[in-house]
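K.L.:
sharing a model that was predicted from the sequence below.
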Amino acid sequence: MTTKYAGSVELFEAAQNVIPGGVNSPVRAFRGVGGSPIFFRSGAGSRVTDVDGNEFIDYVLSWGPLLLGHAHPAVVAAISEQAARGTSFGAPTELETELAELVIALVPSVEQVRFVNSGTEATMSALRLARAATGRELIVKFSGCYHGHADMLLVAAGSGVATLGLPDSPGVPAATAANTLTVEYNDLAGLKQVFAARGEQIAAVIVEPIAANMGFVLPEPGFLQGIRDLTSEYGALFILDEVMTGFRVAPGGAQALWGLDPDITCLGKVIGGGLPVGAYAGKRTVMQHVAPAGPMYQAGTLSGNPLAMAAGLATLRTAFDGGAESLFTQAQSRAAQLADGLRALSEECNIPLQVGQVGTMFGFYFLKQAGTRVTSYAEAKQYVDPARYAKFFWSLCDQGVYLAPSQFEAGFVSAAHSSEDIDITLRAIREALGA
Ligand code: KE4
C-alpha cells in the first residue's frame, strides 16, 4: 500500500481496536478487494475526499441513497432547517404524511406506507406482515439476493429445492432457518416445484427485481411476473424488495418500469437522502394488519424521524421535478454513457465483461471466459473473476475513481455526475484494463 492512503491505514488500525473488524458494516472492510479500507472525510456532488486528501469520483454513493450526489444544497438545507426546529419528537409530524403521500404518488402498487429505520427493518417487518396476513409460516427467497440481516433472511439453500433452509450465519437458529426456502435466482421452474410441494404453507416470496447484491443480474423475461402468478395462485404474498432499485431504476422503481404488482414493497436508501430510513408499503388491505390499525406489532423510537423525512422529501422532490428533463433523467443518461463506454472498452481491450445498466444503477462482471453469462448466484460464483476485479478496483482508486469494494456489488450514478466525470472514468478504466 503506498503512502497515498497512509491516513486511512492509520485510522483503520485504531478503528479495529474499538469496532469489530474496524467497520460498522462488513463490506466496508475491503475484504472483497484486499488492502486497507479508505476513510472518507467529505463529499460534494459526484466527488468524495479521503482523509489523505485524495479525491475520487464516487460510484458507491453510500450504496445508493445519494441520488442527487453528496451534500446537495436542497438536502443540506432541509436537514439544517429541520434540525434547528428539533431532531426528534417521538410523535407524529406532517413530514411523515408528506413523504408517505409522495411515495404513494410515485410507486404504483403502494396505497399505505410504514416508515422504519433501515432496509433490514423494512424486509423483516414485511415478512412478519405476510405471515400475519396469511396465517402461514414459510417464506421463499432466492440465492444471492440480500434483503438485510434479519435471522430469517440469513439462510442458505437446503440440499434440495423444496428442502428447508439452513443457517447462513452463526447465531441464526436452525428452527428459524427451517422456515425459509431458497431457490436459484431466475429459476422459475424451481419455484414452481417449491409451490407444488409446499404452496399452501408459503406466506410470501421476497425478491430483488434486479439481483444487485451478487453484482448485477437482471431478471430473465417472465421471471418476476411468474412469481406474481404463482403467489396469486397459491394465496401467498409477493414482496418486492426495492430498497436498492426504488427511485433508482425509474421514479416508480422496477415495478413501474416493468409493470409489476407486488402486495408489499420494501424501500430504503434514496427515501432517506443519506439518513437512516426504510419503509414497507403496499395494498391497504395488507397494511391494515399493522399495529395499531391491526394486530401485527412493529415499532421504532426514531421511525419517521423528522430529519430523515426532510432529507427524503428534498431528495425525491428535487430529483423528479422537471419531468423528462429531471435530474433523475440526467443521472440516467450518465449511467447509460458509462455502461456504453464499458461495453466498448471490453471489446477494444478484448476483456470479457458482462455489463448491465438500468436507470441510474449499473454493474459489471469480469468473466473468466468470453461467451458465459451470469443469470444466477451459482453462475456468478462459477464464471466471475473476483481477483481480476480487485486489481482493477485499486487501479481505479489510484486514478481517482471509487467503485464498490467488491465484485459482487452494484454501482450508482447521481445527478451530480457530469459527462466529463464519465469521460474521466472511462479513460481511467481503459488504463486499468490495460494494466
Ligand atoms: P440496510 O439494512 O443495509 O439499510 O438494507 C438492507 C438491504 C435490503 N434490501 C436490499 C435489496 C439491499 O441492497 C440492502 C442493503 N444493501 C447493501 C448493499 N449491497 C448495503 C451495504 C451494507 O451492507 O453496508
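P.N.:
Thanks, I have the structure now.

K.L.:
correct me, but Val358 touches Leu257?
P.N.:
Yes - under the criterion of C-beta atoms under 8 Å, Val358 makes contact with Leu257 at 7.3 Å. In this view, the C-beta of every residue, glycine as well, is placed from N, C-alpha and C.

K.L.:
those two: which is more packed in?
P.N.:
Legend: neighbour count by other C-beta atoms under 10 Å for Val358 and Leu257, higher for Val358 (24 against 16).

K.L.:
neighbours of Phe364, just the number please.
P.N.:
24.

K.L.:
what packs against the helix or strand where it lies?
P.N.:
If you go by DSSP states H and E, Phe364 is part of strand 361-366. With contacts defined as 3 or more C-beta pairs under 8 Å, 6 or more residues apart in numbering; DSSP states H and E, strand 361-366 has these neighbours: helix 327-349, strand 353-358, helix 386-398, strand 411-412.

K.L.:
what about the second one, near the ligand?
P.N.:
No - no part of strand 353-358 sits near the ligand under the criterion C-beta under 6 Å from any ligand atom; the closest distance found is 13.9 Å.

K.L.:
for the residue lying closest to Gly294 once chain neighbours are set aside, give me phi and psi.
P.N.:
Distances taken as C-beta to C-beta, 6 or more residues apart in numbering put Gln288 closest to Gly294, at 5.3 Å, once the chain neighbours are dropped. For Gln288, the backbone dihedrals (degrees, to the nearest 10) come out as phi -70, psi -10.

K.L.:
just give me the neighbour total for Gln288.
P.N.:
Gln288 sits with 13 neighbouring residues when counted by other C-beta under 10 Å.

K.L.:
just Val33 next, same as before
P.N.:
Other residues close to Val33 by other C-beta under 10 Å number 21.

K.L.:
same deal with the one 4 residues further on?
P.N.:
Other residues within reach of Pro37 by the criterion other C-beta under 10 Å amount to 22.

K.L.:
hang on, it packs against Val27?
P.N.:
No - Pro37 lies out of contact with Val27 (C-beta under 8 Å); the separation is 9.6 Å.

K.L.:
Serialize the helices and strands packed on strand 361-366 to TSV and add fields for mean pLDDT.
P.N.:
Below are the helices and strands packed on strand 361-366 laid out as TSV (pLDDT from 0 to 100):
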stretch	mean pLDDT
helix 327-349	97
strand 353-358	98
helix 386-398	97
strand 411-412	98
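
K.L.:
dump the residue contacts of Val60.
P.N.:
Tyr402, Leu403, Ala404, Gly411, Phe412 (C-beta atoms under 8 Å, 6 or more residues apart in numbering).

K.L.:
now do Phe56
P.N.:
Counting by C-beta under 8 Å, 6+ apart, Phe56 touches Arg47, Val48, Thr49, Asp50, Cys397, Gly400, Val401, Tyr402.
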